[in-house]
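> Any chance you could fold what I've pasted below:
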Amino acid sequence: MSFIELAKNRYSCRAFTDKAVEPEKLAQVLEAGRISPTAVNAQPVTVKVIKSPEALEKIRGITRMAYNAPVVLMVCYDEPKCYTAEKYNDNFNSGVMDASIVTTSMMMQATDLGLATLWARGFNASYIESAFDFPDNLKLACLLDIGYADPENGGPSPRHPVRKSMEEFASEV
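Residues are numbered from 1 along each chain as shown. Model (predicted):
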């Protein structure tokens, strides 16, 4: 499948089967994240893999954003290791941007492997950081739920195909 077709076919899945994600597929998803670009190649992103019944129960007890996926990736960044644009005096820190790049790469790799995903950020990150004993320097950017879509309830939302026109999206300056 071409990349544009992959991008068009990917959607936010909110209902997963209980089928386990094969270790080799999970390894490919994680590899896609590991080799992703980051600002000045600082590589401040780290991923915590939640797949044990105990860890899944813990995350599901904190947020509904795990959507009963058999694997939930906590995509984090080590704040002091992030690029900061100090010379421009605008307080830019690349952490969320770097984590977003990594998450996108993993999300698209998962889709290419026939897995469904949900990029989630509807939760209080500090609660999750505390529950999973994160050190102070590690910040949770998002969750990436991964699994197999439930064929009856795991399809795209009705809003999925709604997109701006190209004229609304891009313009020359």
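
> By mean pLDDT, which helix or strand of this protein comes out lowest?
helix 3-9 (a mean of 94; mean pLDDT, DSSP states H and E).

> Could you export it as CSV, CA atoms only?
Taking C-alpha atoms only, helix 3-9 is exported to CSV below (Å, rounded to 0.1, in the frame of the first residue of the first chain):
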residue,chain,number,x,y,z
PHE,A,3,1.9,5.9,2.1
ILE,A,4,-1.0,8.1,1.1
GLU,A,5,-3.3,5.1,1.1
LEU,A,6,-1.9,4.1,4.5
ALA,A,7,-2.6,7.6,5.8
LYS,A,8,-6.1,7.6,4.5
ASN,A,9,-6.9,4.1,5.9
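
> So that it lines up with my notes, have the first residue be 54 from now on.
With 54 as the first residue, the last one maps to helix 56-62.

> immediately after it, which helix or strand?
Following helix 56-62 in sequence order, the next helix or strand is helix 76-87 (DSSP states H and E).

> Output the contacting helices and strands for the least confident helix or strand of the chain.
Packing partners of helix 56-62 (3 or more C-beta pairs under 8 Å, 6 or more residues apart in numbering; DSSP states H and E): helix 148-165. Where C-beta positions appear, they are placed from N, C-alpha and C, glycine not excepted.

> who's in contact with the least confident helix or strand of the chain?
Helix 56-62 has contacts (C-beta atoms under 8 Å, 6 or more residues apart in numbering) with 54, 161, 164, 165.

> residues in contact with the last one?
By C-beta under 8 Å, 6+ apart, the contact list for residue 165 reads 54, 59.

> one more time with 10 Å
54, 56, 59, 62, 63, 78, 81, 82, 85 (C-beta atoms under 10 Å, 6 or more residues apart in numbering).

> Got a PyMOL select line for the buried ones in those?
Restricted to buried positions by 16 or more other C-beta atoms under 10 Å, the PyMOL selection for the contacts of residue 165 reads:
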select buried, resi 63+78+81+82+85
